[in-house]
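>>> What follows is a predicted protein model with its sequence.
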Amino acid sequence: MTIQFNDETFRGDYTFKNSQWAIDRFPFPFHEDNYMYSVNMEQHQGGPEGSVYEKRFDVDEHYVSEMKDRAQVLAEDPLRCQSLPHMTLAGWDLLELIMVSKSEDYPDLFELHRDGNHWHWINKPMGIDQRFTFMDETTLPYGPMEYITRQTQGDFAVLDQRDDNLWMDAGMVTTQADWSLDFDIGMNFFEWHAPVPKAHEMGIFVRALKFLLNVQQGSPARRLNWTMTVNPLLDTSPENYHKWGVQKTTLTPENVGQKQHLRVELQTFFRLPRSNALVFPIRCYLIALEDVVSVPKWGRRLHRVIRDLPEELATYKGFIDNRPLIVDYLSKFDDGLATSPGIWPDKDSEPPLQA
Amino acid sequence: MSTFDFPPSILSRPVYGRLEPRAGKSHMMIADAEGAEAILRLAAEDATLMAKSNILYIPGDTGDKYTSQLKALKPKQLYVGPSYEAAVPRLRRTLLDAHMGLQVYLAGTEGLMGQAMLEATTAGIPHSAIQTEHHGSVARRVQCVHCKGITEDVMLDPFQCSHCGLNLFVRDHYSRRLAAFQGVCIDAEDPGNVPASVELYS
Amino acid sequence: MSAGTRKIAVTVSDVVKVNELVTRFRFVPTDGAPLPTFSGGAHVVVEMQDGDVTRLNPYSLMSDPMDQSAYTISVRRDDEGRGGSLFMHTKVKPGDQMMISYPVNLFALDLRAKKHLMIAGGIGITPFLAQIKQLAAMNGNFELHYSCRSPALGSYADELTTAHPGRVHVYFDDQKQAIDLETLLDGQPLGTHIYVCGPKGMINWVRDKASALGWPREAVHYEEFLAPQSGKPFEVKLAVSNKVITVGEHQSLLEAMEAAGVDAPYLCRGGACGQCETDVIGYDGKFIHHDHWLEDEDKASGKKIMPCVSRFEGKTLVLDR
């Protein structure tokens, strides 16, 4: 299909909106009626047609507007994109991975023509036509990682692998769930995850690291993570927390369905060939609660998950104060019926909400 | 007693050990204030160490208390300076010519050890190969995550950022690259509601 | 093949005798599509169909990591070994079709290094050939010290010396030349990383000397693929798949599991990567651990084994596979 790109904002007047197409393909993150941490990795080798898992780098109706939002964040704070000096080669690896993937997966939107190191990249949605020399930074307007991630939805953490650990030594981070690249750059896997409660004690990070160290070329992996955000604000950064934090206090029983969003991260992991680095794209999908509950199974399930989530996790995810309001709202969409296993909406088989 | 037992914390927070003499032909010791005690102990543990050691010492508010004892160790080189900042060019010059095998020992306050470690790692020594031992004040260097300014010698939590004036709470999340802890606005969700400050570890 | 390593179908395009012991093989992609680029130090696992036996040996890639038209490896003939290298030397001919794994790197350059100091012994030169091509293209600062038996057996010594005069130093045993390791290590600037690949004795010599001179562990990298050693046959019960298998004299435990259709993960098949680590459910006998992966306490615990290189002698062994 040809994607119709929205003209929308993720700040100020918040005109962001999901179409019915986007709602139906939303990566709902709960495969059962409760939630606890798990490593939940699977191979990232495609998925059902039309789903967000189908392509290596999903492009959707929010693409052009998200890229405008990213450019605005970077103009205000260039520290959101950084690369330690030894990571330039990984940046070229990433640029190649994305250009090759997008031009193969979306030939109507992206084209890549290569003649040796002379490359020609065409990004139709963003109106970009760039000829450059691969591996020569002087032929691009930005470094290779910044250049390509200004044209790709999602945050990117580029991880160097050494001493049996992964080191966050480069990244483009403007749609983050409240963590700072500028602060975390240079940390290892355990250090940048240090503030996450409970998961260390559960051994989650030890197992996850072991898995990730062995992600091989040609065999990418993926998992989902989630949190909650008031307003469709992509840039929930610590840097700007003193500006956006107060928005959390604007929820009312009347507006919670429109204002409160479920925020889901599709995290993927690719081994980069020349640098042996690992790239960790973190793609953010937002959906208003009123759109979640339009899928009966998701409405039932989200109520149960949020209601029963351990207090520590609700605090860490930043919605502990708003939880009663959210649970009140969601309870109206939970009739107590059983839900089918798995994340898919199952609209044809799951019964509508019982009065 | 100049040592302090830090309570267990998150994995990004540095933990300090006890300096031990290590193999190597060349040794660099950087300390401030009560950190001198760790160097005096090292010298007592290994009589051969001082002849191959370069000591860089910032007495701070301990004045002359330790300097004559350090001189008496007869290290290969001893510098006693008025501030860490003043010592940095000398430290960088030393590291520029140093060879692999150089052992680095840091002792004293977190701010001193963190900044000196950053110089040593930038010069090419893995951070995990650098020994540290805490002595003296528990004051912290804290980076304001909002304006990026670093406030030195933070003893109170919350405190006011010395650059942008926001009221920040002090996290245990620590960046080696910045040699600083993270400070985050405490009243973002309820502007003006700032709890009374308490002393760190009080 | 297993555990997230994908395979590539290749055709042997050249077989070149480098010297009395070493033969070079060049593989081109059978389907003509470009091969993946890789990072210097990477290896591929080559699948050899030797009659009924499938042999899987890891070999370091020595070609230019940026060259997507072909991969090359060099194989040293081991007359005492279990037959993989002999198969390559005697059976593999230009035009043969083979399967290889995607490149896997367990011996990567630390790209932060201000200087890369490489120490090679014998056939251990091969990963450095790719690393040097990578570094030369990036204007990297490297120095190679290469020790070999004689000029006749010094694979690639001449071409390295010609291509990188001043950076490559070759030492011939038969001319009583030896690396003056202490002096070499003593003079290296901060930020230097050591890479060593060669016989076990050489790796230990470099690691021990570096440690004695105060080098940090993180700045010393080494790679040694172990070939699985032969031993007495033994019987193993695989609890998960509910099978009893016999590991033959010249077979590894991993190979015996694969022959029985039991999928076990691996990347290196040489005791280094840790992928095939297997839990022991019960045993009566003694383990013969050959790997570099398990800690001594793991080896002593009787709870873990690396089936790629380690063996067992005794009455019963039950594994969680």
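Arrived safely.

>>> hey, let's count contacts and neighbours off CA atoms from now on
Fine.

>>> Would you mind listing the residues in contact with the residue lying closest to residue C:239 once chain neighbours are set aside?
The shortest distance from residue C:239 to any residue that is not its chain neighbour, by CA to CA, 6 or more residues apart in numbering or on different chains, is 5.5 Å, and that residue is residue C:320. If a contact means CA atoms under 8 Å, 6 or more residues apart in numbering or on different chains, then residue C:320 has C:238, C:239, C:240, C:278, C:279, C:280, C:281 as its contacts.

>>> could you flag which of the residues you listed are buried?
Listed as buried from these are C:238, C:278, C:280, C:281; burial here means 16 or more other CA atoms under 10 Å in any protein chain shown.

>>> So which of those residues is the closest to chain B?
Ranking those by separation from chain B, with CA to the nearest CA as the measure, puts residue C:278 on top at 29.0 Å.

>>> So the closest one versus residue C:264, what's the distance?
According to CA to CA, to the nearest Å, residue C:278 and residue C:264 sit 9 Å apart.

>>> hmm, back to that, show only the entries of the contacts of residue C:320 found in strands.
C:238, C:278, C:279, C:280, C:281 (DSSP state E).

>>> List just the nearest of those to chain A.
Of all those, the one sitting nearest chain A is residue C:278; the distance, using CA to the nearest CA, is 14.6 Å.

>>> contacting residues for the residue lying closest to residue A:355 once chain neighbours are set aside?
In space, residue A:355 comes closest to residue A:335 once its chain neighbours are excluded; the distance is 7.6 Å by CA to CA, 6+ apart. Residues near residue A:335 by CA under 8 Å, 6+ apart: A:300, A:353, A:354, A:355.

>>> can I assume the first one sits in a strand?
To tie it back to what came earlier, the one meant is residue A:300. No - checked against DSSP: H, G, I helix; E, B strand; the rest coil, residue A:300 lies outside a strand; its state is helix.

>>> Look up the pLDDT of residue B:202 for me, please.
As summarised for this prediction, residue B:202 has a pLDDT of 85.

>>> picking up where we left off before, report the two of the buried ones among the contacts of residue C:320 separated the most.
The span of the buried ones among the contacts of residue C:320, defined through CA to CA, is set by C:238 and C:278 at 10.7 Å.

>>> so what sits against both of the two?
Common neighbours of residue C:238 and residue C:278 (CA under 8 Å, 6+ apart) are C:319, C:320, C:321.

>>> How about the contacts made by the first one?
Just to be clear, that refers to residue C:319. With contact set as CA under 8 Å, 6+ apart, residue C:319 has these partners: C:236, C:237, C:238, C:239, C:278, C:279, C:280, C:281, C:282.

>>> Nearest the geometric middle of chain B, what residue?
residue B:113 (2.1 Å; CA atoms, centre = their mean).

>>> How about the residue sitting furthest away from the middle of chain B, nearest residue that isn't a chain neighbour?
Among the C-alpha atoms of chain B, the one most distant from their mean position (CA atoms, centre = their mean) is that of residue B:190, at 34.7 Å. Among residues not flanking residue B:190 along the chain, residue A:246 sits closest, at 6.6 Å (CA to CA, 6+ apart).

>>> which stretches of the stretch 101-250 of chain C form helices?
Across the stretch 101-250 of chain C, reading from the start of the chain, the helices by DSSP state H, counting those that start in this stretch fall at C:126-137, C:157-163, C:181-186, C:200-212.

>>> let me redo that: chain B
Assigned by DSSP state H, the helices in chain B fall at B:36-45, B:67-72, B:84-97, B:110-123.

>>> end-to-end on stretch B:151-160?
This stretch, stretch B:151-160, spans 9 Å end to end (CA to CA).

>>> Residues of the stretch 201-321 of chain C that sit close to chain A?
Taking CA under 8 Å from any CA of the partner chain as the criterion, the stretch 201-321 of chain C approaches chain A at residues residue C:218.

>>> Pick out the residue of the stretch 201-321 of chain C closest to chain A.
Here the stretch 201-321 of chain C gets closest to chain A at one residue, residue C:218, 6.5 Å apart by CA to the nearest CA.

>>> Where does the stretch 51-200 of chain A get nearest to chain C, which residue?
Per CA to the nearest CA, residue A:86 is where the stretch 51-200 of chain A lies closest to chain C, at 5.4 Å.

>>> Next one: that residue relative to residue A:295, how far apart?
The gap separating residue A:86 from residue A:295 is 47 Å, by CA to CA.

>>> Looking only at neighbour counts, state which of the two leads.
residue A:295 (20 against 16; other CA atoms under 10 Å in any protein chain shown).

>>> Next up, the contacts around that one.
With contacts defined as CA under 8 Å, 6+ apart, the neighbours of residue A:295 are A:345, A:347.

>>> right, so the helices of the stretch 101-250 of chain C: which one is the most enclosed?
Compared across these, helix C:126-137 shows the largest average neighbour count, a mean of 22 (mean count of other CA atoms under 10 Å in any protein chain shown).

>>> Hmm, residue C:47 is touching residue C:56, no?
Yes - contact status for residue C:47 versus residue C:56: in contact at 4.7 Å, counting by CA atoms under 8 Å.

>>> So what's the residue count around residue C:295?
The criterion is other CA under 10 Å. On that basis, residue C:295 has 10 neighbouring residues.

>>> Residue C:21 - how many residues pack around it?
When neighbours are defined as other CA under 10 Å, residue C:21 has 16 of them.

>>> Provide the backbone phi and psi angles at it.
Taking degrees, to the nearest 10, you get phi -110, psi -20 for the backbone angles of residue C:21.

>>> all strands for the stretch 51-200 of chain A, in order.
For the stretch 51-200 of chain A, applying DSSP state E, counting those that start in this stretch gives strands covering A:81-83, A:110-115, A:118-123, A:128-133, A:155-162, A:165-172.

>>> how near is the closest residue to residue C:69 other than its chain neighbours to chain A?
Closest residue to residue C:69 in three dimensions, ignoring its sequence neighbours and counting by CA to CA, 6+ apart: residue C:34, at 5.8 Å. As defined by CA to the nearest CA, to the nearest Å, residue C:34 lies at a distance of 12 Å from chain A.
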